[in-house]
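**Q** Fold the following and give me the result.
(one chain, ligands or ions: 1)
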Amino acid sequence: MIPVIDVFAGPGGLNEGFSSVLDETGNHIFRTVASIEMEKSAVRTLRFRSAMRHYRRTVAGSQSALNDFLANRSSLHELMENEDFKLSHKHAAREVHEFELGPDNRPDSDAIISEALGAAREQPWVLIGGPPCQAYSLAGRSRRTHDEAFQDDHKHFLYREYLHIIRAHKPTVFVMENVKGLLSSTNRGQNMFDLIRGDLEKPSDDLEYELYSMVKSDLARLQGQDFLIRAEDYGVPQKRHRVIIVGVRRGSGLSAPAVLEQRDRVSVGQAISDLPKLRSSVSRGIDAHGDLWATLSDSVRTLLAAQDIRFEASGPWPTSSKERPKAQYDVENASLREYFSFVRPILVKDLPTWNHESRGHMTKDLLRYGVMSGMSKERGRSVKVRELDRSLWPAHKNIDALVVPFADRFRVQVANEPSTTIVSHIAKDGHYYIHPDPAQMRSLTVREAARLQTFPDDYIFLGNRTQQFTQVGNAVPPLLAKLIGERIATIMRY
Ligand SMILES: C[S@@+](CC[C@H](N)C(=O)[O-])C[C@H]1O[C@@H](n2cnc3c(N)ncnc32)[C@H](O)[C@@H]1O
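**A** Just a heads-up that it's a prediction; the model follows:
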């Protein structure tokens with residue numbers, strides 16, 4: 001097993017991908033020996049997943065306690081009381097560290113990493129993770145250009161913690177992920193990508209790394225853009241563009257990892273339409289009893305009929321579901337087959353749909369969602385608010401202006417394309433993540449967002465719903481991470 005240290009681990013997307021890489025005989029190639037993350041709910045998610053892995057590795061036979069919980073036949077409390085699972089969870093608590101990386105805490109994080117690697121530090125091992133991205137993100141930057149404090153934002157410098165770990169522990173290979181904004185971000189006039197690249201190539205006098213892109217081979221010196229991975233080109237049903245840098249220590253004798261092969265696209269409709277249908281709950285507005293859904297459906301039907309669009313209302317559905325999804329996918333399509341074999345684990349019989357609860361919306365928004373998704377379905381693209389009947393425009397003092405100020409606040413994730421990027425902001429506001437089915441009139445659930453991020457259906461997100469959304473939005477898509485892990489496994493094993 002090749003040890004992995006995962007830092008700024010989030011809910012463990014990168015980790016899950018590496019943990020899923022198998023050799024020819026079905027054995028795992030990588031084993032994460034330490035994860036470091038400071039956010040409590042993400043730590044709970046990481047520990048639970050790590051405990052599941054440990055339990056599956058160590059408990060032979062039917063694994064009934066875990067499967068009973070996953071199949072919703074027993075409670076989390078009952079699972080935690082199970083002696084075998086307790087041991088697995090203790091193991092997970094030693095592996096996953098709730099810890100804030102920072103210059104003052106380096107002695108402690110160094111000790112965590114050294115202890116986790118143990119004697120294996122002399123053998124090839126991998127560092128994965130990426131310093132957090134808020135400070136580089138384009139949205140964050142444009143709002144804060146003139147903000148003096150922003151120039152000194154410590155998040156700009158969290159990569160130095162990553163660099164410190166490289167200097168102190170000298171991983172054989174590292175994988176660093178970051179947002180696209182890193183390529184154009186500057187700090188006091190200096191380009192952040194150039195700064196980081198220089199540091200990573202030569203972390204110290206006696207340590208050098210060759211940097212590789214996973215999408216462009218090193219024919220000439222790679223430009224920043226060459227490190228950008230478009231997840232939708234690799235079987236992820238989401239347009240997610242991230243910088244991923246792979247570093248290989250010079251002198252380690254390892255060759256260059258091969259670049260990823262492009263795959264057919266997987267669309268939102270293909271990725272989530274097998275999940276149980278749900279109704280939104282109604283947060284405020286009108287009385288949720290009586291004929292709310294009939295009234296809403298009538299209004300949607302009338303507004304769509306005005307555009308010559310037919311609307312079939314169906315339902316009623318619950319607001320949450322643990323029903324088991326039915327598999328219905330095109331086995332002819334290789335990338336869809338790969339997607340489903342990754343997200344729908346067969347380890348658990350009767351696996352229900354976890355984290356699949358619709359959030360509450362105001363009735364006016366439900367109407368907008370129904371009409372926008374109906375129009376978007378018909379047109380094969382997400383329509384803008386200004387294309388709606390004026391009665392559906394959000395109230396605003398500039399309502400009569402030619403430019404509708406909220407034009408981009410609402411977005412339907414159309415069925416025939418990969419989704420837009422699932423970002424952690426999904427936790428705050430569902431308007432940008434409207435479900436493609438007009439009859440459901442709602443925003444995406446945590447599970448649907450997790451599917452678009454390629455998390456397996458038995459990956460359980462803990463914490464409250466806002467925290468779950470944030471975790472999902474922060475992650476590297478596990479399927480993409482697995483493809484990268486496979487390339488790295490190849491150079492490390494032969
Ligand atoms: C972009 S997410 C990482 C996603 C992760 N690589 C994955 O694939 O799931 C960055 C994470 O870094 C965590 N973080 C931010 N500052 C940190 C610090 N100083 N120490 C430890 N974790 C930190 C955040 O809570 C967040 O979960």
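
**Q** isn't there a helix covering Val243?
**A** No. Using DSSP: H, G, I helix; E, B strand; the rest coil, the assignment for Val243 is strand, not a helix.

**Q** tell me the mean pLDDT over the helix or strand containing Ile484?
**A** Using DSSP states H and E, Ile484 sits within helix 478-493. Confidence over helix 478-493 (mean pLDDT, whole number) is 97.

**Q** Equivalent analysis for stretch 118-133, please.
**A** Averaging pLDDT residue by residue across stretch 118-133 gives 90.

**Q** For it, list every residue counted as buried.
**A** Neighbour counts using 16 or more other Cβ atoms under 10 Å place Pro124, Trp125, Val126, Leu127, Ile128, Gly129, Gly130, Pro131, Pro132, Cys133 of stretch 118-133 among the buried residues. Any C-beta I mention is one placed from the backbone N, CA and C, and that applies to glycine too.

**Q** Relative to Ser299, how far out is the third one?
**A** Between Val126 and Ser299 the distance, using Cβ to Cβ, to the nearest Å, works out to 55 Å.

**Q** do the first one as well
**A** Between Pro124 and Ser299 the distance, using Cβ to Cβ, works out to 62 Å.

**Q** cool, the second one as well?
**A** According to Cβ to Cβ, Trp125 stands 59 Å off from Ser299.

**Q** go on, Phe469?
**A** Distance from Phe469 to Ser299, by Cβ to Cβ: 28 Å.

**Q** Quick check: phi and psi at the residue nearest to Val173 when sequence neighbours are not counted.
**A** Spatial nearest neighbour of Val173, chain neighbours left out: Val126 (4.8 Å); criterion: Cβ to Cβ, 6 or more residues apart in numbering. Backbone dihedrals for Val126, given as degrees, to the nearest 10, come out at phi -130, psi 140.

**Q** Val126 and His169 touch, don't they?
**A** No. Contact criterion Cβ atoms under 8 Å: Val126 and His169 do not qualify, at 11.2 Å.

**Q** any common contacting residues for these two?
**A** Ile5 (Cβ atoms under 8 Å, 6 or more residues apart in numbering).

**Q** Using the three-state scheme, assign Asp365.
**A** Asp365 ends up helix, using three-state DSSP.

**Q** need the contact list for it.
**A** His431.

**Q** Let's see the pLDDT reported for it.
**A** Value listed for Asp365 in the pLDDT field: 90.

**Q** do the same with Arg143
**A** Confidence score, pLDDT, at Arg143: 52.

**Q** next one: Phe157
**A** pLDDT at Phe157 comes out at 75.

**Q** do Lys349 as well
**A** Confidence score, pLDDT, at Lys349: 74.

**Q** List the residues that contact it.
**A** Contacts of Lys349 (Cβ under 8 Å, 6+ apart): Asn67, Ala71.

**Q** a helix runs through it, doesn't it?
**A** No. Going by three-state DSSP, the assignment for Lys349 is coil, not a helix.

**Q** From the ligand, how far off is it?
**A** 28 Å (Cβ to the nearest ligand atom, to the nearest Å).

**Q** again with Arg56
**A** Counting by Cβ to the nearest ligand atom - Arg56 and the ligand are separated by 20 Å.

**Q** right, is the helix holding Ile484 up against the ligand?
**A** No. Interface with the ligand: helix 478-493 contributes nothing (Cβ under 6 Å from any ligand atom), its closest point being 6.7 Å away.

**Q** Show me what that helix packs onto, helices and strands only.
**A** strand 2-7, helix 13-19, strand 126-129, strand 173-179, strand 241-249, helix 334-343 (3 or more Cβ pairs under 8 Å, 6 or more residues apart in numbering; DSSP states H and E).

**Q** Between these, which one is closest to the ligand.
**A** With Cβ to the nearest ligand atom, the closest approach to the ligand among the helices and strands packed on helix 478-493 belongs to helix 13-19: 3.0 Å.

**Q** how does this structure divide up, domain by domain?
**A** Domain assignment for the chain, taken from automatic domain parsing, gives 2-265+475-493, 268-473.

**Q** Out of these, which gets the lowest mean score?
**A** domain 268-473 (a mean of 86).

**Q** End to end on that one, go ahead and measure it.
**A** 16 Å (Cα to Cα, to the nearest Å).

**Q** Quick one: distance of it to the chain centre.
**A** Computed by Cα atoms, centre = their mean, to the nearest Å, the chain-centroid distance of domain 268-473 equals 17 Å.

**Q** For the closest residue to Asn355 other than its chain neighbours, grab the count of nearby residues.
**A** In space, and not counting its chain neighbours, Asn355 is closest to Val446: 4.0 Å by Cβ to Cβ, 6+ apart. Other residues near Val446 come to 23 when the count uses other Cβ atoms under 10 Å.

**Q** same thing with Pro316?
**A** 9.

**Q** can you check Asp23 too?
**A** So Asp23, with other Cβ under 10 Å, has 10 neighbours.

**Q** so who does it touch?
**A** Asp23 neighbours (Cβ under 8 Å, 6+ apart): Ile29, Ala489, Arg493.
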